[in-house]
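> Build me a structure from this.
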Amino acid sequence: MRSARGIAPVDAIIIDCFYVSYRGFCATRRPNDTQILRSSNGTPTNAIHGLLGAVRRMIKELQPKSVIVATESKTNLRDQMREDYKAGRELPALFSQQIPPIYKMCKLCGWHLSLDIIKTATSLGHSPAPPAPDAQPALAL
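Okay, here's the model as predicted:
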């Protein structure tokens, strides 16, 4: 990851929860699914580990005043815009098992959890339209 120290500190960072955690899930997963990170009781933790590591690095480099971890609901704006959005893609069971613990981890870390990434980004001035003059500076990742 490229250093972001030249732009630190920032008011807020918005983390795309599913993108970052799925990236961590895939980075440590092997084709047979037996060689993934697991807790002592066997629960898969590679997506959790990937998200936590990435956000901790961003916090260290960007020094944000707040961290927003945003997800999208099962029915979202992208689905409404394109029927074939994510068509044919299934969420792996080993990944979906980690979503509730990810939400719990976010709360324990004191990060704001938003269940609507589009509204969150738009409210902070990140949209196809130019931001409002009084919009708070933020960084979406």
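
> For the protein, give me the ranges with low pLDDT.
Scanning the chain for pLDDT under 70 picks out 1-5, 29-34, 73-88, 116-141.

> hmm, try it at 80
1-8, 28-35, 72-89, 115-141 (pLDDT under 80).

> Quick check: buried residues in the top helix by length along it?
Secondary structure of the chain per DSSP state H: the longest helix is helix 46-62. Within helix 46-62, the residues scored as buried using 16 or more other Cβ atoms under 10 Å are 46, 47, 48, 49, 50, 51, 52, 54, 55, 58, 61, 62. Just so you know, the C-beta spots here come from the backbone N, C-alpha and C atoms, and that holds for glycine as well.

> do the same with stretch 107-116
Neighbour-count burial for stretch 107-116 flags 111, 113, 114 (criterion: 16+ other Cβ under 10 Å).

> Contacts only, for the second one.
Residues touching residue 113, when contacts are defined by Cβ atoms under 8 Å, 6 or more residues apart in numbering, comprise 68, 69, 70, 71, 103, 106, 107.

> quick one: secondary structure of it?
strand (DSSP: H, G, I helix; E, B strand; the rest coil).

> circling back to that earlier point, how about a markdown table for the buried residues of helix 46-62, with distance to residue 27 added?
Shown next, in a markdown table, are those (distance: Cβ to Cβ, whole Å):
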| residue | distance to residue 27 |
| --- | --- |
| 46 | 8 |
| 47 | 10 |
| 48 | 13 |
| 49 | 10 |
| 50 | 6 |
| 51 | 11 |
| 52 | 13 |
| 54 | 10 |
| 55 | 15 |
| 58 | 16 |
| 61 | 19 |
| 62 | 21 |
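
> Output the contacting helices and strands for the one helix or strand residue 21 maps to.
Using DSSP states H and E, residue 21 maps to helix 17-28. Here helix 17-28 touches helix 46-62, helix 93-96, helix 99-109, going by 3 or more Cβ pairs under 8 Å, 6 or more residues apart in numbering; DSSP states H and E.

> Extract the C-alpha set from it and format it as PDB.
Output of helix 17-28 as PDB, limited to C-alpha atoms (Å, rounded to 0.1, in the frame of the first residue of the first chain):
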ATOM      1  CA  CYS A  17     -16.300  -3.000   4.700                       C
ATOM      2  CA  PHE A  18     -17.100  -5.800   2.300                       C
ATOM      3  CA  TYR A  19     -14.400  -4.800  -0.200                       C
ATOM      4  CA  VAL A  20     -11.600  -4.600   2.400                       C
ATOM      5  CA  SER A  21     -12.700  -7.700   4.300                       C
ATOM      6  CA  TYR A  22     -13.300  -9.800   1.200                       C
ATOM      7  CA  ARG A  23      -9.800  -8.800   0.000                       C
ATOM      8  CA  GLY A  24      -8.400 -10.100   3.200                       C
ATOM      9  CA  PHE A  25     -10.500 -13.200   2.900                       C
ATOM     10  CA  CYS A  26      -9.100 -14.000  -0.500                       C
ATOM     11  CA  ALA A  27      -5.500 -13.000   0.300                       C
ATOM     12  CA  THR A  28      -5.200 -15.700   3.000                       C
END
